[in-house]
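> coordinates only, sequence not included:
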């Protein structure tokens, strides 16, 4: 068994603080980006549409007039389906954007086990 004398990189506090500030700025930008994001979920071939932003808030609901001729239960089912469609699309989009930001910053994403050195 041999012992090697490997040199470890020095800890640089200033560099770490700069990286932390960069991460904070990217996260602030991402938050604003998610606020402006608009994703549409639909049901009934587009007869009911729910528009949601990236923060999972409903921005608009569009219901085709023909749906009002249907029983109340049909309208309820279509609204629920459109809402769930929008929610799934938002979650997928947000997850993809977060993984992209993490990867750009050299952080582990999507199950990566090691951090990339920047």
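Thanks, I have the structure now. These numbers were taken from a predicted model, which means no experiment stands behind them.

> Next up, the contacts around residue 101.
The contact partners of residue 101, by CB atoms under 8 Å, 6 or more residues apart in numbering, come to 26-27, 30. For the C-beta atoms, the positions are set from N, CA and C on the backbone; glycine is no exception.

> actually residue 97, not the one I wrote
Shown in contact with residue 97 (CB under 8 Å, 6+ apart): 30, 33-34, 54.

> Looking at these, which gets the smallest pLDDT?
Within the contacts of residue 97, pLDDT reaches its minimum at residue 30, with 78.

> shouldn't that residue be in contact with residue 98?
Yes: proximity of residue 30 to residue 98 meets the contact threshold set by CB atoms under 8 Å, at 7.3 Å.

> Strands of this protein, start to end?
With DSSP state E as the criterion, the chain has strands at 38-43, 48-53, 58-63.

> quick one, which of these is packed in tightest?
Of the strands of the chain, the one with the most neighbours on average (mean count of other CB atoms under 10 Å) is strand 48-53, at a mean of 21.

> Give the other helices and strands that it contacts.
The contact analysis (3 or more CB pairs under 8 Å, 6 or more residues apart in numbering; DSSP states H and E) places strand 48-53 against helix 13-36, strand 38-43, strand 58-63, helix 72-104.

> contacts for it?
Here strand 48-53 makes contact (CB under 8 Å, 6+ apart) with 34-42, 58-64, 67, 75, 78-79, 81-83, 85-87, 89-90.

> what are the pairing partners of it, and which direction each?
Here strand 48-53 is paired, per DSSP bridges, with strand 38-43 (antiparallel), strand 58-63 (antiparallel).

> Quick check: the residue nearest the centre of the chain vs residue 20, distance?
For the chain, the residue sitting closest to the mean C-alpha position, by CA atoms, centre = their mean, is residue 94 at 1.0 Å. Separation of residue 94 from residue 20 (CB to CB, to the nearest Å): 22 Å.
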